[in-house]
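In: Here's a sequence, model it:
(5 chains)
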Amino acid sequence: MCGRYVLDNEGIIAFEKFARSEEAAGLIRPRFNIAPTQQAPVIVKAEDGGTPLLRMMYWGLIPGWARDASMAAKMINARGETLAEKPSFRGPFASSRCLVPASGFYEWRKDGTRKTPFYISRRDSPAFAMAGLFSHWRSPEGESRDTFTIITTEANAALAGLHERMPVLLEPGDWLRWLGAEPAPKEELQALLRPCEPELLGLREVSPRVNSPREDDAALLAPVGLGL
DNA sequence: CCAGACGTTGTT
DNA sequence: GTCTGG
DNA sequence: CCAGACGTTGTT
DNA sequence: GTCTGG
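Out: Now for the predicted structure:
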């Protein structure tokens, strides 16, 4: 699955030419432990069909029909295999797809009673885009909130030892079609929701300090067990 | 018809 | 909003 | 994902 | 153990 991830400075730079930001400059900053319910940058199609937009949204999708925000915490992932049918995701899949920029993500391996955190990133690139859905929600009190979820698929061979699920990583050549800036039939979009080649991924054990969502600095990525 | 759910992952 | 279960 | 709480009463 | 909050 994907329950924590990283977007470092190199990752931000990697998307600067693909998307333009309307957010205050300070909001888009390196993050080393993005956790559910926090705000994070996502990329959506521009209304005018031009350069895609990078905007901050809350992680945890609240469907437009929800009466309160209580669904958010459990809607951090959507199964790629079933999202076209689920009431909460069907609408967003049809009209509100997004990219979630990342440098890497964390997975916890269960060792008996203990859980050991690992950091997973790509060997071929400092950044990648995860497939996501977003939703614009308005509370009964009239407050607006933009939220998103990260799509998962079965884990590939690189991650099978850690988990059964992993986030969908989209190749740059598919980004515009996923966003809807280039036309694509539903079946074609669904076909993108599969695991990437295992050779593309590298992983390493990291400090248990990542367990705390409040820990958020570059030192979290230091490998452990190498006598450093 | 109305009421109630609407999700994922991991663990047993 | 829309589907399922009663 | 992990960390941390895990309650009731009365009032609006 | 299970739910909520971040």
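In: Output the set of residues of chain A in proximity to DNA strand D.
Out: A:Met1, A:Gly3, A:Arg4, A:Ala35, A:Pro36, A:Ala73, A:Ile76, A:Trp108, A:Lys115, A:Asn211, A:Ser212, A:Pro213 (Cβ under 7 Å from any atom of the strand). The C-beta positions use only the backbone N, C-alpha and C, and glycine is treated the same way.
In: ok, of those, which come out buried?
Out: Buried members of the residues of chain A next to DNA strand D, scored by 16 or more other Cβ atoms under 10 Å, are A:Met1, A:Gly3, A:Arg4, A:Ala35, A:Pro36, A:Ile76, A:Trp108.
In: Quick check: phi and psi on the last one?
Out: In terms of degrees, to the nearest 10, the main-chain angles of A:Trp108 are phi -110, psi 130.
In: Not counting sequence-adjacent ones, nearest residue to it?
Out: Spatial nearest neighbour of A:Trp108, excluding adjacent residues (Cβ to Cβ, 6 or more residues apart in numbering): A:Lys115 at 4.2 Å.
In: Could you pull out the buried residues of the strand or helix carrying that neighbour?
Out: Using DSSP states H and E, A:Lys115 sits in strand A:114-122. If you call a residue buried by 16+ other Cβ under 10 Å, then strand A:114-122 has these buried ones: A:Pro117, A:Phe118, A:Tyr119, A:Ile120, A:Ser121, A:Arg122.
In: Name the residues of chain A found near DNA strand B, please.
Out: Checking chain A against DNA strand B by Cβ under 7 Å from any atom of the strand, the hits are A:1, A:63, A:65-66, A:74-75, A:77-79, A:82-83, A:86-89, A:110, A:115, A:152, A:163-165.
In: what residues does chain A put near DNA strand C?
Out: Contact residues (Cβ under 7 Å from any atom of the strand) of chain A with DNA strand C: A:Pro63, A:Gly64, A:Trp65, A:Pro87.
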